[in-house]
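Peer 1: Below: sequence and its predicted model.
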Amino acid sequence: MRLSLGNQPDGTARNVPGRALLVLAQVVVLVLFAALLARLWYLQIPMNEHYQQRALATHSEEVVIPATRGKIVDSSGRALVRNRTELVVMADYHALQRQEDGGERVLRRVADLIGEPYQEVRQRSRLCGPEVSQPCWPGSPYQPIILAEDVEPREALQIRERQEDFPGVTAQQHAIRDYPGGKDAAQTLGYLQPVTQEELEERDELRTRFSGVDRVGRGGLEAAYDQQLRGTSGVERLTVDNHGKVTGKLKEERPDPGKHLVTSIDRKVQAITEKALSNGIERSRSDGNPADSGAAVVLDATNGRVIALASKPSYDPELWKGGIDAEAYEELLSDNAKDPLTSRAVQGQYPPASTFKVNSLAAAAENGVPLDRSFGCPSAITVGGRSFQNYEGSSHGTLSLHEAIVVSCNTVFYQIAHDMWRSDGGTTPDDNPTDAMSTMAHDFGFGKPTGVDLPHESSGRVPDREWKRERWEANREEVCEHAEKGYPEVREEDPQQASYLKRVAKEQCAAGYKWRAGDAVNFSIGQGDVLVTPLQLARAYAAIGNGGTLYEPRVGKALVSPGGEQTRRIEPEKAGELPLSEETLEYIQGALKDVPKEGTARGTFGDFPQGKVSISGKTGTATGRNKEESAWFASYAPSDDPRFAVVALISQGGTGGTNAAPVAREIYDGIYGFGAPDGSEGDEDDGGGGGEPALPDGEPPEKLPDVEAGSPAASESD
């Protein structure tokens, strides 16, 4: 065979032997083979780790193993929040998908067995995604999907014994939160809910260690101490084939259980406080008052620890178990529910009324008003062209400042506030006006959060010259528009009222930034624009009782490891000192001591055993815009060696002496075992009176309890 490769010069054909062509082909093959070997070497040696990781990522899945959440206990080790197990029905997502009908038949059997609609069960088996509505499964498809919670044992047994009828489905025990006290301290304890996508994006520790079973704290202590209570989830890395079937386990990290939280709350005192507040609201309503809500606070006056926090209305934290449904959630947010998720003790803001007079007396005494000076207490005085009256127009003749506190004379404090306002320059103040009363209010801790270890605390409000100017500047445009155009919508219903509002708007537009005499005198009796929370007021009275020290309130007392080997105490922190002389402080203490004996609270405490435990306190009756009077009582006891500060508030509940003081009286009766005023008795856990003191030693326990046993620990470590 010859191959022609062209012509020679003489025109004859040039022929190349076939062997040369064969050699050329062999060279080409060898070059290609060498290139293949080089590529194979490159992939197996230099790129080995890269492709091994890619293969691992492609054929492995991580499954999060939730950690057991820590308990929340009271100061004696009694459970406030604990874990209990319930039976749940779970499904293997991939096992359902491999079935011919996508798991429809087995899911219908599950629905029939547990008595729920098939469609709901089916929806729970879907994986959540951008276009998938709730309910759905938010966790990994390799995590067991929860189809039903709290099922009956007989239902779970049928599933486990008849696996041939329930392929891919099983039933087993699952830990959930349990609340032995029911609604008691619900807002303080908080609740759990599934993590949101926003949280996953913001919090790395959730994104890397979150499963569909996990919940995070949404309120109260569950939120404040979420990271410590939740512990650290474990992780299993599983090998998976291209059909989604698990073929093996690569590694496993066991979960680290969460720490237990020991609180300063006393479960018995909490139950007493809840019951006393409920009784007070019911009594107030029976008197014809709206009494729409209320709060009560019990602090350890020596260190600021929280012994009880109650807020009404409340809610059952069991509602959140396993995720609240839309209907129940809407009911919680409805107008009829009256916002039970809000802790009135920590987040509620109200005019403090006459309980605030301790601040005004302190400001007066520390700014030149003699403590031995006498004042007239007329039924009313005129300030800035307006008449400011005593409560119910009463008059008491000539009084000392001590007596003005005891009988709660408004006009005495009006006069003091007006004199101090004028000495500052009135509406044209000096370059550096003293503003003694508002300055003292800040020193008492009002107008800013107390620093309690609970989320979403309100700051209250201390109005002063600066605050009024800022508010005026923010609202000036709207106010001036009303000054020009009036209130046409009001004019149709009430022309006289519309004319008055327009006149006020003109005044505010022109000079609404000025701190006027009326602002000053209203401030002196805790009215006008001043607002406080019950917790702030309790802390202030605790400071008066303990000699002047303000503490940051603390609910958490210690974090304890599950085995009890490690303990970290949460110590109280000092927030400041009241800027009062010893003489002023003792004078205020003496006046407060006489209020329950001779003054506005004597009707409630007249038969209280003051010889055993002397109560010091102050009543208050607050008026708010478009609201009925609210009742206050702020106190501490024992008077001469204070251990407890107790504050009670009933919003729109009437007068302080008639309606709030009895709440505090019932709390003190329960703490000291003087017997419940209504004659009721309670068991050991709810602490409902009956002559048995909730705190037998008259003070909270200092030693940490054994969290597991509920008894004082033999030893503790830092």
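Peer 2: Thanks, I have it.
Peer 1: those helices in the stretch 601-718 of the chain, which residues are they?
Peer 2: Ranges of helices in the stretch 601-718 of the chain, per DSSP state H, counting those that start in this stretch, are 602-605, 661-672.
Peer 1: Same check on the stretch 351-500 of the chain?
Peer 2: 357-365, 401-407, 410-423, 436-443, 465-485, 488-491, 495-511.
Peer 1: one step back: looking at the helices of the stretch 601-718 of the chain, which is closest to C509?
Peer 2: helix 661-672 (43.2 Å; C-beta to C-beta). Glycine gets a C-beta too; all of them are placed from N, C-alpha and C.
Peer 1: Quick one: list the elements packing against that closest one.
Peer 2: If contacts are counted by 3 or more C-beta pairs under 8 Å, 6 or more residues apart in numbering; DSSP states H and E, helix 661-672 sits against helix 267-286, strand 293-300, helix 602-605, strand 616-622, strand 630-637, strand 644-651.
Peer 1: circling back to that earlier point, mind putting the helices of the stretch 601-718 of the chain into CSV with mean pLDDT and mean neighbour count?
Peer 2: Converted to CSV, those look like this (pLDDT from 0 to 100; neighbours: other C-beta atoms under 10 Å):
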stretch, mean pLDDT, mean neighbour count
helix 602-605, 98, 20
helix 661-672, 98, 27
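Peer 1: could I get those helices as JSON lines with distance to A510?
Peer 2: Converted to JSON lines, these look like this (distance: least, C-beta to C-beta, whole Å):
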{"stretch": "helix 602-605", "distance to A510": "47"}
{"stretch": "helix 661-672", "distance to A510": "44"}
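Peer 1: Compare those helices and give me the one nearest G518.
Peer 2: Checking these against G518 by C-beta to C-beta gives helix 661-672 as the closest, at 29.3 Å.
Peer 1: Output that closest one as PDB, nothing but the C-alphas.
Peer 2: Presented in PDB, the C-alpha positions along helix 661-672 are these (Å, rounded to 0.1, in the frame of the first residue of the first chain):
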ATOM      1  CA  ALA A 661     -53.100  49.100 100.200                       C
ATOM      2  CA  PRO A 662     -55.100  45.900 100.800                       C
ATOM      3  CA  VAL A 663     -53.100  44.200  98.100                       C
ATOM      4  CA  ALA A 664     -49.900  45.000  99.900                       C
ATOM      5  CA  ARG A 665     -51.500  44.000 103.300                       C
ATOM      6  CA  GLU A 666     -52.300  40.600 101.900                       C
ATOM      7  CA  ILE A 667     -48.800  40.100 100.600                       C
ATOM      8  CA  TYR A 668     -47.300  41.000 104.000                       C
ATOM      9  CA  ASP A 669     -49.800  38.700 105.800                       C
ATOM     10  CA  GLY A 670     -48.600  35.900 103.600                       C
ATOM     11  CA  ILE A 671     -44.900  36.500 104.000                       C
ATOM     12  CA  TYR A 672     -45.100  36.700 107.800                       C
END
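Peer 1: quick one: that helix to chain centroid distance?
Peer 2: 26 Å (C-alpha atoms, centre = their mean, to the nearest Å).
Peer 1: Nearest spatial neighbour of the most centrally placed residue in the chain, chain-adjacent residues omitted?
Peer 2: Nearest to the geometric centre of the chain sits G220, at 3.4 Å (C-alpha atoms, centre = their mean). The spatially closest residue to G220, leaving aside those adjacent along the chain, is G190, at 2.7 Å (C-beta to C-beta, 6 or more residues apart in numbering).
Peer 1: what does D256 give?
Peer 2: Distances taken as C-beta to C-beta, 6+ apart place T232 nearest to D256, at 4.1 Å, with adjacent residues excluded.
Peer 1: State the distance from that neighbour to G258.
Peer 2: Applying C-beta to C-beta, to the nearest Å, the value for T232 to G258 is 8 Å.
Peer 1: Please say which of the two ends up with more neighbours.
Peer 2: A direct count of neighbours by other C-beta atoms under 10 Å for T232 and G258 places G258 higher, at 23 against 15.
Peer 1: related to what we said a few turns ago, which one of the helices of the stretch 351-500 of the chain is the most hemmed in?
Peer 2: Highest mean neighbour count among the helices of the stretch 351-500 of the chain (mean count of other C-beta atoms under 10 Å): helix 357-365, with a mean of 26.
Peer 1: CA atoms only for that one, dumped as PDB, please.
Peer 2: What follows is helix 357-365 as a C-alpha-only set of coordinates in PDB (Å, rounded to 0.1, in the frame of the first residue of the first chain):
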ATOM      1  CA  LYS A 357     -44.000  63.000  97.200                       C
ATOM      2  CA  VAL A 358     -41.000  61.400  98.900                       C
ATOM      3  CA  ASN A 359     -39.000  62.700  95.900                       C
ATOM      4  CA  SER A 360     -40.500  66.200  96.200                       C
ATOM      5  CA  LEU A 361     -39.800  66.300 100.000                       C
ATOM      6  CA  ALA A 362     -36.200  65.100  99.400                       C
ATOM      7  CA  ALA A 363     -35.700  67.800  96.800                       C
ATOM      8  CA  ALA A 364     -37.100  70.500  99.000                       C
ATOM      9  CA  ALA A 365     -35.100  69.500 102.100                       C
END
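Peer 1: Please state the offset of it from the chain centre?
Peer 2: Taking mean C-alpha positions (C-alpha atoms, centre = their mean), helix 357-365 and its chain are 32 Å apart.
Peer 1: now the angle from that helix to strand 630-637?
Peer 2: Put simply, helix 357-365 runs at 70 degrees to strand 630-637, going by axes from the mean of the first three to the mean of the last three C-alpha atoms, to 10 degrees.
Peer 1: Show me what helix 357-365 is in contact with.
Peer 2: With C-beta atoms under 8 Å, 6 or more residues apart in numbering as the test, helix 357-365 has contacts from 371, 401, 404-405, 408, 413, 416-417, 420, 436-437, 439-441, 444, 446, 523-526, 540-541, 544, 578, 580-581, 583-584, 587-588, 591-592, 618.
Peer 1: Now do stretch 93-108: everything it contacts.
Peer 2: Contact partners of stretch 93-108, identified using C-beta under 8 Å, 6+ apart, comprise 91, 118, 121-122, 125, 127, 137, 141-142, 145, 147, 165-169, 243-245.
Peer 1: in it, what counts as buried?
Peer 2: The neighbour-count check on stretch 93-108 (16 or more other C-beta atoms under 10 Å) flags Y93, A95, L96, G103, V106, L107 as buried.
Peer 1: That stretch: end-to-end distance?
Peer 2: In stretch 93-108, first residue to last residue: 15 Å (C-alpha to C-alpha, to the nearest Å).
Peer 1: cool, and stretch 336-355?
Peer 2: 30 Å.
Peer 1: How about stretch 349-368?
Peer 2: Note: stretch 349-368 ends 31 Å apart using C-alpha to C-alpha.
Peer 1: Which residues are in contact with each of T232 and G258?
Peer 2: Counting by C-beta under 8 Å, 6+ apart, the residues touching both T232 and G258 are A67.
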